[in-house]
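Participant: no sequence on this one, just coordinates:
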Ligand code: NAD
Ligand code: TYD
């Protein structure tokens, strides 16, 4: 099988490629990535010489380029990870989110239609369901929860999801969608909560907690997400949506304190800053469907996963130090100075 993976130089796509080449050495994996600020070829360095792996620098919105690639590579399946993925950036500049996340999704699916009704999987997010109240721990997102988005990011992902389902109904494209909760693990870009706090802690820089730090996210180790996607692509029912999450809800402030403790630093590093606009309160996934239908369960406990992740950042300083020394500094100053 030849699989096109888009966005493979990013966090989850990169982890997926590492996982897939090990789990299915008989498959070819063709990665296409635009290499935006979030894409890092160093993430793919461990697989670059694998004879079953190929990389193309390509924008998923580049219709001509994408069609040419499909003609050359003749894929059997496409897994679309490529996206603009950071909520804070979407609040600053929504347009690129609409372009990549919606137009890019349509372009990839048009290619799947044109070259033989190719199997298509959309990597989506629990953020399409909006948020849950903090005082109702009995409520969870199921696949039937209405789409109700808060940020330009989640709205663009929801728009893409609706298009994917429409391409199934209208054209019969064999699609599936996974909606996962927050991931953490190696190769996570340091603009996101966990790697940002690890990097700042190690550099003895202030740890900017939005609002009071009481917002809740449902954290899943990235490899568990990769396994879920792999299962859905192979065994999932066509036209279906699968929620993916690990029943691991945590308040932001508790995560920050845990990282401080693991790194032997002091809680005086914590700085409470102005809250994110439209900040979602709580995400929590009900993963009953993927468990019952496909037997998926998360394998990595948070206590182990966070230790492994911190260890990875300690052992791979050059990966993230290179990122935070470049253009990232301008982004950081813009978002956090005088906040
Ligand atoms: P990321 O920002 O780390 O990586 C995105 C990758 O996509 C980068 O390599 C980037 O260069 C590439 N890319 C961006 N625009 C592109 C374009 N136009 N053409 C080709 N490549 C392009 O993101 P991530 O955290 O790895 O997320 C991957 C997917 O998973 C996204 O679709 C995201 O919505 C979804 N998701 C993420 C999480 C999470 O916690 N990070 C949770 C659920 C779902
Ligand atoms: P993030 O990693 O951006 O993921 P998402 O917004 O998609 O869930 O943020 C996770 C949580 O951490 C979210 O509630 C916002 C909060 N946060 C901070 O408090 N400080 C920060 O510097 C960042 C980046 C996030």
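Facilitator: Right, received. Where do you want to start? Model, not experiment: these values are computed from the prediction. Ligands and ions are numbered 1, 2, ... in the order given.

Participant: gap between the nearest residue to residue 124 once chain neighbours are set aside and residue 240?
Facilitator: Excluding the flanking residues, the one nearest residue 124 by C-beta to C-beta, 6 or more residues apart in numbering is residue 179, at 4.7 Å. Glycine gets a C-beta too; all of them are placed from N, C-alpha and C. Residue 179 is 11 Å from residue 240, where distance means C-beta to C-beta, to the nearest Å.

Participant: what do the two both touch?
Facilitator: Common neighbours of residue 179 and residue 240 (criterion: C-beta atoms under 8 Å, 6 or more residues apart in numbering): residue 143.

Participant: more neighbours, those two?
Facilitator: Applying other C-beta atoms under 10 Å to residue 179 and residue 240 shows that residue 179 carries more neighbours, namely 24 against 17.

Participant: Now for the more buried one: which residues touch it?
Facilitator: Counting by C-beta under 8 Å, 6+ apart, residue 179 has contacts 124-126, 128-129, 141, 143, 161, 241-244, 285.

Participant: And for residue 202?
Facilitator: Residues near residue 202 by C-beta under 8 Å, 6+ apart: 263, 313, 314, 317.

Participant: ok, back up a step: chain center to the helix or strand hosting the residue nearest to residue 124: distance?
Facilitator: Using DSSP states H and E, residue 179 sits within strand 175-180. Relative to its chain's centre, strand 175-180 lies at 12 Å (C-alpha atoms, centre = their mean, to the nearest Å).

Participant: Now the element after it, going C-ward?
Facilitator: Following strand 175-180 in sequence, per DSSP H and E, is strand 183-184.

Participant: Need the contact partners of that following strand.
Facilitator: So strand 183-184 is contacted by 11, 12, 194, 219, 220, 221, 222, 225, 305, 306, 309 (C-beta under 8 Å, 6+ apart).

Participant: ok, 6 Å please
Facilitator: Applying C-beta atoms under 6 Å, 6 or more residues apart in numbering, the contact partners of strand 183-184 are 12, 194, 219, 220, 222, 225, 309.

Participant: and the last one, what does it touch?
Facilitator: Same thing as residue 309. Here residue 309 is in contact with 184, 185 (C-beta under 6 Å, 6+ apart).

Participant: so how far is residue 23 from it?
Facilitator: For residue 309, the distance to residue 23 - C-beta to C-beta - is 21 Å.

Participant: got the contact list for the residue in the stretch 1-150 of the chain positioned nearest to ligand 1?
Facilitator: Here the stretch 1-150 of the chain gets closest to ligand 1 at one residue, residue 10, 2.0 Å apart by C-beta to the nearest ligand atom. Residue 10 sits next to 38, 39 when contact means C-beta under 6 Å, 6+ apart.

Participant: now it: how far from residue 40?
Facilitator: From residue 10 to residue 40 the distance is 8 Å (C-beta to C-beta).

Participant: picking up where we left off before, separation between the residue of the stretch 1-150 of the chain closest to ligand 1 and ligand 2?
Facilitator: 14 Å (C-beta to the nearest ligand atom, to the nearest Å).

Participant: Could I get the phi/psi values of residue 165?
Facilitator: Backbone torsions of residue 165, given as degrees, to the nearest 10, read phi -70, psi -30.

Participant: Just give me the neighbour total for it.
Facilitator: Neighbour tally, residue 165, other C-beta under 10 Å: 17.

Participant: and residue 18, what does it touch?
Facilitator: Contacts of residue 18 by C-beta under 6 Å, 6+ apart: none found.

Participant: for it, phi and psi?
Facilitator: phi -60, psi -50.

Participant: Against residue 210, how distant is the residue of the chain lying at maximal distance from its centre?
Facilitator: The outermost residue of the chain relative to its centre, with distances by C-alpha atoms, centre = their mean, is residue 268 at 30.6 Å. Going from residue 268 to residue 210 by C-beta to C-beta gives 18 Å.

Participant: Likewise for residue 198?
Facilitator: 17 Å.

Participant: what does residue 310 give?
Facilitator: 21 Å.

Participant: same thing with residue 3?
Facilitator: 37 Å.

Participant: what about these two, which has more around it?
Facilitator: residue 3 (23 against 17).

Participant: Correct me if wrong, but the more buried one is in a strand.
Facilitator: Yes - counting by DSSP: H, G, I helix; E, B strand; the rest coil, one finds residue 3 located in a strand.

Participant: From here on, call the first residue 790.
Facilitator: Done: numbering now begins at 790, and the last item shifts to residue 792.

Participant: Show me what the nearest residue to it once chain neighbours are set aside bridges to in the sheet.
Facilitator: With C-beta to C-beta, 6+ apart as the criterion, residue 792 has its nearest non-adjacent residue at 4.9 Å, and that residue is residue 866. Taking DSSP bridges as the rule, residue 866 bridges to residue 792, residue 908.

Participant: Next one: residue 866 relative to residue 817, how far apart?
Facilitator: Residue 866 is 11 Å from residue 817, by C-beta to C-beta.
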